[in-house]
Each structure stands twice: as structure tokens, then as C-alpha cells.
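**Student:** Here's a sequence, model it:
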Amino acid sequence: MVVRWLAAHWWIFGVILVLAALAGAGWLYTRRQNKTWEAVRAQGLRYGLSQLDALHYSRFEDAIRDLLRRDGCPDAIRVGGGGDLGADVKATDPYGRRWVIQCKHRRNGLSGSAVGTPDLQVLNGTARPVHGADVAVIVTNGRVTAPAVAFAKQQRLHVVDRHTLGAWASGSRPLWELLRAVPPPRRPTGPTRG
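**Tutor:** As a prediction, this is how the structure comes out:
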């Protein structure tokens with residue numbers, strides 16, 4: 001009786017095999033991602049805050065691009081300059097999310113002028129509709145005003161202040177692991193978009 005039931009319901013074994021294959025693929029993917037991140041860490045691209053403070057603003061944008069590349073975004077490009085429409089760096093992370101980053105370098109670090117709401121309003125007005133951002137970020141080596149932080153939360157923008165920048169630049173973790181409320185991945189695997 002059991003043999004007849006198994007013969008009539010052979011497709012159950014197929015489903016079990018598919019589920020086992022998916023579980024194995026998920027395990028292999030996670031293992032590969034962990035190895036990739038460890039290899040990136042081994043490359044050792046790290047910046048101290050004093051190094052970032054000493055950069056010209058255009059080199060600061062290059063450093064942000066390079067940190068994204070270190071984290072697994074090989075398509076990261078610097079697009080900053082006149083007419084950048086609020087985007088200094090663009091990248092696609094390994095999960096398919098499109099990042100648009102506005103950089104605000106302060107020569108005097110924390111003692112320089114604070115990033116305010118107008119800077120975030122520009123980013124908010126262009127990041128998603130013009131640049132197609134899934135994640136819109138403003139990065140500064142300085143400080144951000146409290147009203148700007150409140151505006152960012154309200155508009156689903158991300159603020160990378162001096163403290164967060166220091167943690168990211170030191171190589172502790174990829175930026176998306178340091179930020180809260182990052183959108184879910186668009187895709188679990190595959191090459192990044194260009």
C-alpha cells in the first residue's frame with residue numbers, strides 16, 4: 001500500500017529535492033558572501049577621520065566611491081561636480097539596491113559648518129525621481145543639524161555623520177549594515193547593475 005501511494009505521489013519527492021536544492025544554494029550563497037566580505041576586509045581599504053578631513057572635497061567623493069567598491073559595489077562611480085543634481089556618488093550594492101550619495105566635506109570636521117535641511121531637501125528632490133535611488137544618503141565628515149536629522153527620518157533619507165563615517169571607513173562593516181531601515185534587497189544574488 002505504501003509503495004502504491006509513493007508511486008502515485010512521486011511528485012512529492014521532486015518537491016523535497018527542489019527544497020533541498022534551494023536550501024543548499026542559500027547556504028552556499030551565504031558562505032560565498034561571507035568569504036567575499038572577508039577578502040574585501042583583507043584588502044585593507046580603511047580611512048581614519050583625520051585622513052578624510054585632510055582631503056579636498058573631490059578626493060573625499062573619491063574616497064566614498066572607493067569605500068562602496070570595497071563593500072562589494074564594483075559599479076560605484078563618482079559623478080559629483082557642477083550640475084550633479086544632488087548626486088556625488090552612485091552605486092548598486094550586491095543586493096541590487098541603487099545608492100545615491102551626496103557628499104558634504106567639511107575642512108574643519110566637527111568644527112566646520114553643519115549640514116542642514118536645505119542640503120537634504122536637494123537630495124530628497126532628486127535622488128529617487130532623477131537618479132532612481134532605492135537608498136538616498138548624505139555623507140559628511142562633520143555634523144548634521146537636529147532639524148536636518150528629523151527631516152531625513154521623515155523623508156526616508158539616510159544620514160552618515162562623522163561617527164557613522166568613522167565606523168564605516170575603518171572597515172568595520174558595509175554601509176548597509178550600519179544604517180537603519182535600509183530597503184530590502186531587490187535580489188539575493190547576481191551581478192550588480194552598471
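**Student:** Tell me, domain by domain, which residues of the chain belong where.
**Tutor:** Following automatic domain parsing, one gets these domains for the chain: 2-43, 49-178.
**Student:** Could you identify which of these has the lowest mean pLDDT?
**Tutor:** Per-stretch mean pLDDT for the domains of the chain is lowest at domain 2-43 (a mean of 79).
**Student:** how distant is that one from the center of its chain?
**Tutor:** Relative to its parent chain, domain 2-43 has a centroid offset of 27 Å by C-alpha atoms, centre = their mean, to the nearest Å.
**Student:** Repeat that for stretch 71-85.
**Tutor:** In this view, stretch 71-85 has its centroid 13 Å away from the chain centroid, taken as C-alpha atoms, centre = their mean.
**Student:** Next: stretch 75-87.
**Tutor:** 16 Å.
**Student:** so where do the strands sit in the chain?
**Tutor:** Counting by DSSP state E, the chain has strands at residues 77-78, 89-92, 98-104, 135-140, 158-160.
**Student:** In TSV, list these along with distance to residue 7 and mean neighbour count.
**Tutor:** Where you see a C-beta, it was placed from the backbone N, CA and C, and this is true even at glycine. Putting the strands of the chain into TSV (distance: least, C-beta to C-beta, whole Å; neighbours: other C-beta atoms under 10 Å) gives the following:
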stretch	distance to residue 7	mean neighbour count
strand 77-78	58	19
strand 89-92	49	24
strand 98-104	51	25
strand 135-140	52	25
strand 158-160	57	21
